[in-house]
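Asks: A predicted structure for the sequence below; I have some questions about it.
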2 protein chains.
Amino acid sequence: MSNNMVPVGLSNRHIHLSKEHVEILFGQGHELTPIKDLVQPGQFACEEKVDIVGPKGTLKGVRVLGPARSKTQVEISFTDGFALGVKAPVRNSGDLAGTPGAKIVGPKGEVTIEEGVIVAARHLHMHTSDAEKFGLKDQDVVSIKVEGQRGLIFNNVLVRAGETHALELHVDMEEGNAAGLKNGMMLEVIK
Amino acid sequence: MSNNMVPVGLSNRHIHLSKEHVEILFGQGHELTPIKDLVQPGQFACEEKVDIVGPKGTLKGVRVLGPARSKTQVEISFTDGFALGVKAPVRNSGDLAGTPGAKIVGPKGEVTIEEGVIVAARHLHMHTSDAEKFGLKDQDVVSIKVEGQRGLIFNNVLVRAGETHALELHVDMEEGNAAGLKNGMMLEVIK
């Protein structure tokens, strides 16, 4: 086995909420309730869910990920975008200018965001020490090779290296299914 | 542009029915009603739709493709399989031994198949004359390169060449979305 192996994490649709929106959707003073730690340090899945409403349809029960962020961001698949009736572009997290909005409905209230609905660009998180080991640095672009019946090579994979990152390739469910992936599978990084 | 370019066709979930099952689901003597020719000669989308029922859920309004075949075959995505509660494997068309079954519900009746639910393996149709031009033959395995933000290389693409085939790469919606594809985009064949 190559030494350049990384584990994959499949991202299902989810939402990051600003503190202001947490309170609008779940009530004044509400704090998000962690139910499961994610691989990335300090990140967690929450008990809370919301509905995302677009011009054509609704995604019900979309999981909130914590902690609260400075800006609300909805991450969906292309198929979800079709169901909602919004043309969400492939974007890196936080790069929300010009993206479509949606209505977000919680148990205590609702809010309409003017932008923030994206299809997340695949990316490879790694700690600074991993980056050193791999001979890579933050913002490098690599390829990832998948073996097997649905074997393929993902090109244009952005490296996000830093002290707060843990080694993990993030792809969405459609990318994962296209390659026959399951959470935690080890994949080869090709420079 | 390379001379080795092929157009892509994205396959949404669909079902091929045997003549016997057409009559069970839509009534005795019923003939499928073509509404749109497909790229592959003699193949067509039908007005008819059915519901596919699994242990965990139902896919409503699944399009029937014609003409009738010797054996009923349901082609879904991994996500669809999860929704149905069946573990459909990646298979070539017609290779149904040991695949899961499902209940199929039409307006006039229903039928339960013991096997026939698959995730279609991606494949490249081409006429014999295309195969000659590409330097390929039936059952060869090639790779397909996709450029762009979600650029990737699909490996393990089976060539299906013959007198009744037209040049077209078939991938499912998850593979198409993972690569940012739209119907008819031209992609490069890599031997």
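Replies: Here it is on my side, so go on.
Asks: Quote the end-to-end distance of stretch A:160-172.
Replies: Distance between the two ends of stretch A:160-172: 16 Å, counting by Cα to Cα, to the nearest Å.
Asks: ditto for stretch A:11-29
Replies: End-to-end distance of stretch A:11-29: 29 Å, with Cα to Cα as the criterion.
Asks: Contacts for that stretch, please.
Replies: Surrounding stretch A:11-29, the residues in contact under the criterion Cβ atoms under 8 Å, 6 or more residues apart in numbering or on different chains are A:30-32, A:48, A:50, A:52, A:59, A:62-65, A:68-77, A:80, A:104-111, A:113, A:120, A:170-173. Using the backbone N, CA and C atoms, a C-beta is placed for each residue, glycine as well.
Asks: Intersect those residues with the contacts of chain B.
Replies: Filtering these for neighbours of chain B using Cβ under 8 Å from any Cβ of the partner chain leaves A:77, A:171-173.
Asks: I'd like the average pLDDT over stretch A:41-49.
Replies: Model confidence over stretch A:41-49, given as mean pLDDT, is 97.
Asks: What parts of chain A come near chain B?
Replies: Proximity of chain A to chain B is assessed by Cβ under 8 Å from any Cβ, with A:77-79, A:90, A:121-122, A:149-156, A:171-175, A:177-180 identified as the residues in range.
Asks: Could you identify the buried members of those?
Replies: A:77-79, A:90, A:121-122, A:150-156, A:171-175, A:177-180 (16 or more other Cβ atoms under 10 Å in any protein chain shown).
Asks: quick one, domains of chain A?
Replies: Following the assignment in automatic domain parsing, chain A carries domains at A:13-119, A:122-190.
Asks: Reformat those as JSON lines; add distance to B:G85.
Replies: Rendered in JSON lines, the data for those read as follows (distance: least, Cβ to Cβ, whole Å):
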{"stretch": "domain A:13-119", "distance to B:G85": "18"}
{"stretch": "domain A:122-190", "distance to B:G85": "16"}
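Asks: how much space between the residue lying closest to A:I15 once chain neighbours are set aside and A:L10?
Replies: Nearest in space to A:I15, with sequence neighbours left out and distances taken as Cβ to Cβ, 6 or more residues apart in numbering or on different chains, is A:V74 at 4.9 Å. Plainly put, A:V74 is 17 Å away from A:L10 if you go by Cβ to Cβ, to the nearest Å.
Asks: Pick out whichever of those two has more residues nearby.
Replies: Relative neighbour count places A:V74 above the other of A:V74 and A:L10, with 29 against 19, counting by other Cβ atoms under 10 Å in any protein chain shown.
Asks: Check the secondary structure at that one for me.
Replies: Three-state call for A:V74 (DSSP: H, G, I helix; E, B strand; the rest coil): strand.
Asks: just the one 5 residues further on next, same as before
Replies: At A:T79, secondary structure determined by three-state DSSP is helix.
Asks: Against B:G106, how distant is it?
Replies: A:T79 is 25 Å from B:G106, where distance means Cβ to Cβ.
Asks: Quick check: phi and psi at A:E147.
Replies: Note on A:E147: backbone dihedrals following degrees, to the nearest 10 are phi -90, psi 170.
Asks: Can you give me the neighbour number for it?
Replies: Applying the criterion other Cβ under 10 Å, we find 14 residues in the vicinity of A:E147.
Asks: cool, and A:K87?
Replies: Residue neighbour count, defined by other Cβ under 10 Å, stands at 12 for A:K87.
Asks: Verify the contact between it and A:G81 for me.
Replies: Yes - applying Cβ atoms under 8 Å, one finds A:K87 in contact with A:G81, separated by 6.3 Å.
Asks: Relative to chain B, how far out is A:Q73?
Replies: When distances are taken as Cβ to the nearest Cβ, to the nearest Å, A:Q73 and chain B turn out to be 18 Å apart.
Asks: Quickly list what that residue is bridged to.
Replies: Here A:Q73 sits in beta bridges with A:H16, going by DSSP bridges.
Asks: so where's chain A shaky on pLDDT?
Replies: Confidence mapping of chain A against pLDDT under 70 gives the ranges A:1-2.
Asks: before we move on, the earlier item: among the ones next to chain B among the contacts of stretch A:11-29, which lie within helices?
Replies: With helices identified by DSSP state H, the entries of those that belong to them are A:M173.
Asks: quick check, nearest of the ones next to chain B among the contacts of stretch A:11-29 to A:I190?
Replies: A:V171 (15.4 Å; Cβ to Cβ).
Asks: Could you pull up the residues touching the closest one?
Replies: Contacts were defined as Cβ under 8 Å, 6+ apart; by that measure A:V171 touches A:8-11, A:122, A:154, A:179, A:181, B:178.
Asks: which pair in those spans the largest distance?
Replies: For those, the maximum inter-member distance is 15.5 Å, found between A:G9 and B:A178 (Cβ to Cβ).
Asks: Please identify the buried residues of stretch A:20-32?
Replies: A:21-26, A:30, A:32.
Asks: Contacts only, for the residue lying closest to A:V105 once chain neighbours are set aside.
Replies: What sits nearest to A:V105 in space, not counting adjacent residues and going by Cβ to Cβ, 6+ apart, is A:D51, at 4.3 Å. Each residue near A:D51 by Cβ under 8 Å, 6+ apart is listed here: A:58-62, A:104-105.
Asks: Narrow those residues to just the buried residues.
Replies: Listed as buried from the contacts of A:D51 are A:59, A:62, A:104-105; burial here means 16+ other Cβ under 10 Å.
Asks: any idea how far B:E23 is from the residue nearest to A:I15?
Replies: The span separating A:V74 from B:E23 equals 46 Å under the rule Cβ to Cβ.
Asks: for A:T58, same thing?
Replies: Using Cβ to Cβ, A:T58 is found at 38 Å from B:E23.
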